[in-house]
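Peer 1: Based on what follows, work out the 3D shape:
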Amino acid sequence: MSWFGRSSSEQSPAATRQDRQKCWESRDQYFECLDGAGVITAGEEGTVCTRSKSQYEKSCAKSWIDYFNKRRVLAEKQRDILAQSQLQSQEVNRKL
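Peer 2: Numbers count the residues shown, from 1 in each chain. The predicted structure is shown next:
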């Protein structure tokens, strides 16, 4: 066993360009479905996006899925913070 939990014989080959493209496309379809359902955190959609979620999980490595899902939540939080900042800035400018 190596440091990261896999022996060298268990390591999967590097993803090809086509594999990455397929992963990104399935991620985008799944996230579009989540957007349509008004869901931010992947996995909380219930049965709404089962087909696109299944394809996403089949097309992407688990580590990629974890990264993309966390990034989605973080990006939404950043949008909220930016929106709040803009509102505060507008309020300050009105008072001047």
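Peer 1: Please count neighbours and contacts with C-alpha atoms only from this point.
Peer 2: Will do.
Peer 1: Flag the shaky bits of this protein, pLDDT-wise.
Peer 2: The chain contains residues with pLDDT under 70 at 1-12.
Peer 1: Helices of that one, residue ranges please.
Peer 2: 17-37, 50-59, 62-95 (DSSP state H).
Peer 1: Of the ones you listed, which is nearest Glu44?
Peer 2: The closest of these to Glu44 is helix 17-37. By Cα to Cα, the value is 9.1 Å.
Peer 1: Show me what counts as buried in the closest one.
Peer 2: 20, 22-24, 26-27, 29-31, 33-34 (16 or more other Cα atoms under 10 Å).
Peer 1: Name the nearest of those residues relative to Ser63.
Peer 2: Distance to Ser63 across the buried residues of helix 17-37 (Cα to Cα) is lowest for Cys23, with 12.0 Å.
Peer 1: quick one on the thing from earlier: which two among the buried residues of helix 17-37 are spaced furthest apart?
Peer 2: Largest separation among these by Cα to Cα: Arg20 and Leu34, giving 20.8 Å.
Peer 1: Could you dump the buried residues of helix 17-37 into JSON lines with distance to Asp66 added?
Peer 2: Shown next, in JSON lines, are the buried residues of helix 17-37 (distance: Cα to Cα, whole Å):
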{"residue": "Arg20", "distance to Asp66": "15"}
{"residue": "Lys22", "distance to Asp66": "17"}
{"residue": "Cys23", "distance to Asp66": "13"}
{"residue": "Trp24", "distance to Asp66": "13"}
{"residue": "Ser26", "distance to Asp66": "14"}
{"residue": "Arg27", "distance to Asp66": "11"}
{"residue": "Gln29", "distance to Asp66": "16"}
{"residue": "Tyr30", "distance to Asp66": "14"}
{"residue": "Phe31", "distance to Asp66": "13"}
{"residue": "Cys33", "distance to Asp66": "18"}
{"residue": "Leu34", "distance to Asp66": "16"}
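Peer 1: got a list of contacts for stretch 61-70?
Peer 2: Around stretch 61-70, the neighbours that count as contacts under Cα atoms under 8 Å, 6 or more residues apart in numbering are 41-42, 56-57.
Peer 1: most surrounded residue in these?
Peer 2: Among those, Tyr56 has the most neighbours (other Cα atoms under 10 Å), with 23 neighbours.
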